[in-house]
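Q: sharing a sequence plus its predicted fold:
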Amino acid sequence: MMVTVAKSLDLPIKLVFPRPAPLDADPKDVHHAMLGLGDIVIPGLMIALALRFDHYMYYRRLQVHKPVEVVSKEDQGQPVGNKEENISLVRPQYHAPSTMSQKFWLSSWSSLLLPGRRQQVQRANGIITFPKPYFYASIKGYLSGLAATLVSMHAMRHAQPALLYLVPGVLLAIWLTGLFRGELKEMWEYTEEPSGEENREVKDESKPESQSVKSMFRGSDLEANEARALMGILRWLRLTVKREDVSKAKSHGSHTGTADQLTPKDGAKEEAEERIEESMQDKGNETNEAREKKRSPYPLSISIVWPSERRARTELGLMSKKQE
Amino acid sequence: MEPLESAAASMWPILEEIKPLTLTYSHLILSAIFPIYAGSQASLHCPSSAAKKDSCANGEPTSEGEMGSDEESIDEGEDEGTVKMEGMSPLDALLFPIMAALTLTGLYIIIEWFESASILNALLGWYFSVFALFSVSQFLSDCFNFILGFVFPRRYLAGGFVYQNKYDIKSEGRLKVLPSPLPGALSRIPLPVYVRKALWNIQLFVRSKVVLKFSAGPSESAKVYIGMINLVAFVSAAVIVVSSNVVLKPWWLTNLMGFSFSYGSMQLVSPKTFATGTLLLSVLFFYDIYMVFKT
């Protein structure tokens, strides 16, 4: 059924490759080998995830844990025996990885001729790169699976489901790499959810409210658009929350930027809306007006900025920015 | 040694069969790896474990990877706008094969009922064409940017010095300003003034971008950068899509559209965790076996 549909629908849902006609067929017919797009995209999603995980692990290894001593008020700067020790996480500065063309133009001959010092020379020249063990492993797994598909197609003289061989290839490659590198825990915990809380190793014991907020907002079943709209509401909420919710607001506000990342579930969404309604009744006059302005539906405005030659020239360093 | 020998013996005729098809299969393998490699590099964004300006902890995509446009931020500190990735939840992963099976069955029934696939081809052709237009233009613009990076790089190493935009904050002592529009060793070629000017103008023209700013409120705004490259890519994509519908559909055009679909979708969708991805792949594993062999 699948083959019938794939062959009769003349749409780009597959890749076709011309092949030499088999010996017993009419030489005028054009024969093709076929590979479905699903066999590329679906393992590809996993491989892309492996690459992003490599990227994440690279920066995670560069993270620094700095112990920050918290001194309680009563002591007035004199630390006592059992003080609260918060460990703050210092995140490394992100640099977008160099593209192939940048690597080409920025690499020197010495990086080619001295393979041992390649990484050092590359970094010295400004090339930004990171080790990709999971990515290369998963690509090799994919290639083995693909080779196995082709061989078995000949062995059994029948169209093969490519995913039958690709899936074990990719999955085994990724998980075995994790096993041998001893990073299974990080793999299991890795998520690309927008909430930064889940990726933090730090346990903020000084802020128990943040834990409950975190657990409430874990996971996202909402579409990205809804989440974005809710982010806007939450951001706005930082100003307008009732007294009881001050602790929660603080945990929102204190993690500047993380409030934007919380993507609540449906139940939490209703709660957030209730809070908005409650807080609306508590508002003073001034802020009411300010809020009215904010809430008034902005027409979607589109502005076009034409490129100025000045800006393009500045990009290329042909002109000083101060010469405006 | 017997089982090994018999295994080798049974493999030999298969390998003999494959020999004439080596070129086809190499083509197949390369064509499968290419969109995966390019798409995964393009899906790279600032990870939650790193910090960039307002903190990447929220996973905002801030730049493109392999085939992306210039990742160095423009002087004003603006980033190229990229789309946030939609995630698959475990529920989505479980439902995926069911939806796929229903779709496939539906298509099969329609094909059998109408006894030809022409109506279906026409309808779906329209849908795919619109989709293909945007996918192919994104793919082509990334391709052209890739080529542009080779032809007119913004930074290059020549004679032990890195030449670049002198307003890059990360610049160190050994960085100098671009002396000539040609990169690398070619920069030493003495050019007459008008040639140099012409080359600079070409570079400026190709790199200049129109900024479309959509704003729906004080804090919500999105910026879209459209440059010559995007325009050329869009026009080429339109030509490709129209010609593939109206004129002819050679295999390489189908492949090009297939590449752009997979390239685009790999940047849009992500199984957010390894667990979800594993679940998705396992479920589709069984689905594929069932679909191909039992039907």
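A: Noted; the coordinates are in hand.
Q: contacts only, for residue A:141.
A: If a contact means C-beta atoms under 8 Å, 6 or more residues apart in numbering or on different chains, then residue A:141 has A:169, A:170, A:171, A:172, A:173, A:174 as its contacts. Yep, even glycine has a C-beta here, placed from its N, CA and C like the rest.
Q: tell me which of those residues fall in helices.
A: A:169, A:170, A:171, A:172, A:173, A:174 (DSSP state H).
Q: re earlier: ok, and the most crowded of the contacts of residue A:141?
A: residue A:170 (30 neighbours; other C-beta atoms under 10 Å in any protein chain shown).
Q: need the pLDDT of that residue.
A: Confidence at residue A:170, expressed as pLDDT, is 95.
Q: would you indicate which residues of stretch B:248-264 are buried?
A: B:249, B:253-264 (16 or more other C-beta atoms under 10 Å in any protein chain shown).
Q: circling back: the contacts of residue A:141 also near chain B: which ones?
A: A:170, A:171, A:174 (C-beta under 8 Å from any C-beta of the partner chain).
Q: where does the stretch 101-250 of chain A dip in pLDDT?
A: A:111, A:194-250 (pLDDT under 70).
Q: make CSV out of the ones next to chain B among the contacts of residue A:141 and add distance to residue B:207.
A: Below are these laid out as CSV (distance: C-beta to C-beta, whole Å):
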residue, distance to residue B:207
A:170, 38
A:171, 42
A:174, 39
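Q: chain B: which of the residues you listed is nearest?
A: Nearest to chain B among these: residue A:171, at 5.9 Å, using C-beta to the nearest C-beta.
Q: what's the spacing between that closest one and residue A:45?
A: 12 Å (C-beta to C-beta, to the nearest Å).
Q: confidence score at the residue nearest to residue A:91 when sequence neighbours are not counted?
A: What sits nearest to residue A:91 in space, not counting adjacent residues and going by C-beta to C-beta, 6 or more residues apart in numbering or on different chains, is residue B:51, at 3.7 Å. We have a pLDDT of 75 for residue B:51.
Q: beta-bridge partners for residue B:51, please?
A: Counting by DSSP bridges, residue B:51 forms beta bridges with residue A:93.
Q: what about it, neighbour count?
A: 19.
Q: part of a helix, is residue B:47?
A: No - read with DSSP: H, G, I helix; E, B strand; the rest coil, residue B:47 is coil and lies in no helix.
Q: I figured it hits residue A:52, correct?
A: Yes - Residue B:47 is within contact range of residue A:52, at 6.8 Å (criterion: C-beta atoms under 8 Å).
Q: tell me the contacts of residue A:110?
A: A:117, A:121.
Q: okay, and it sits in which element?
A: helix A:109-113 (DSSP states H and E).
Q: from the ones next to chain B among the contacts of residue A:141, which is closest to residue B:98?
A: residue A:171 (20.9 Å; C-beta to C-beta).
Q: so how many other residues sit close to residue B:215?
A: Neighbours of residue B:215 using other C-beta under 10 Å come to 16.
Q: follow-up on the earlier one: which of the buried residues of stretch B:248-264 fall in helices?
A: Among the buried residues of stretch B:248-264, DSSP H puts B:253, B:254, B:255, B:256, B:257, B:258, B:259, B:260, B:261, B:262, B:263, B:264 in helices.
Q: what sits against the second one?
A: Residues counted as contacts of residue B:254 (C-beta under 8 Å, 6+ apart) are A:12, A:14, A:15, A:16, B:244.
Q: if we go to 6 Å?
A: Contacts for residue B:254 (C-beta atoms under 6 Å, 6 or more residues apart in numbering or on different chains) come out as A:12, A:16.
Q: then the helix or strand containing residue A:89 to CSV, C-alphas only?
A: In this structure, residue A:89 sits in strand A:84-90 according to DSSP H and E. What follows is strand A:84-90, C-alpha atoms only, in CSV (Å, rounded to 0.1, in the frame of the first residue of the first chain):
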residue,chain,number,x,y,z
GLU,A,84,23.5,29.2,53.8
GLU,A,85,25.7,28.5,50.9
ASN,A,86,24.3,29.2,47.5
ILE,A,87,26.1,28.0,44.6
SER,A,88,25.6,30.3,41.7
LEU,A,89,26.1,29.1,38.2
VAL,A,90,28.2,31.1,35.9
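Q: ok, that strand near chain B or not?
A: No - for strand A:84-90, no contact with chain B is found by C-beta under 6 Å from any C-beta of the partner chain; the gap never falls below 8.2 Å.
Q: wait, which of the ones next to chain B among the contacts of residue A:141 is closest to residue A:112?
A: residue A:174 (30.5 Å).
Q: shouldn't the closest one be in contact with residue A:138?
A: Yes - counting by C-beta atoms under 6 Å, residue A:174 touches residue A:138, with 5.2 Å between them.
Q: find the residues that touch each one of the two.
A: Counting by C-beta under 6 Å, 6+ apart, the common neighbours of residue A:174 and residue A:138 are residue A:50.
Q: how many neighbours does residue B:18 have?
A: The tally of other residues near residue B:18 (other C-beta under 10 Å) stands at 15.
Q: contacts only, for the closest residue in space to it that isn't next to it in sequence.
A: In space, and not counting its chain neighbours, residue B:18 is closest to residue A:154: 6.0 Å by C-beta to C-beta, 6+ apart. Listed by C-beta under 6 Å, 6+ apart, the contact set of residue A:154 reads B:14, B:17, B:18.
Q: nearest residue to the first one other than its sequence neighbours?
A: Taking C-beta to C-beta, 6+ apart, and ignoring the residues beside it in sequence, residue B:14 has residue A:154 as its nearest neighbour in space, at 4.9 Å.
Q: now the one you found: which helix or strand?
A: Counting by DSSP H and E, residue A:154 is part of helix A:133-156.
Q: minimum distance to chain B, which residue of the stretch 1-150 of chain A gives it?
A: Here the stretch 1-150 of chain A gets closest to chain B at one residue, residue A:101, 3.0 Å apart by C-beta to the nearest C-beta.
Q: low-confidence ranges in chain B?
A: B:1, B:7-8, B:52-84, B:158-188, B:217, B:219-220, B:294-295.
Q: ranges for the helices of the stretch 101-250 of chain A?
A: A:109-113, A:118-125, A:133-156, A:162-181, A:184-189, A:208-216, A:224-237, A:246-254 (DSSP state H, counting those that start in this stretch).
Q: no, scratch that, I was asking about the stretch 51-200 of chain B
A: Using DSSP H, counting those that start in this stretch, helices in the stretch 51-200 of chain B cover B:90-114, B:118-151, B:193-207.
Q: figure out which of those is closest to chain A.
A: Nearest to chain A among the helices of the stretch 51-200 of chain B is helix B:118-151; the distance by C-beta to the nearest C-beta comes to 3.0 Å.
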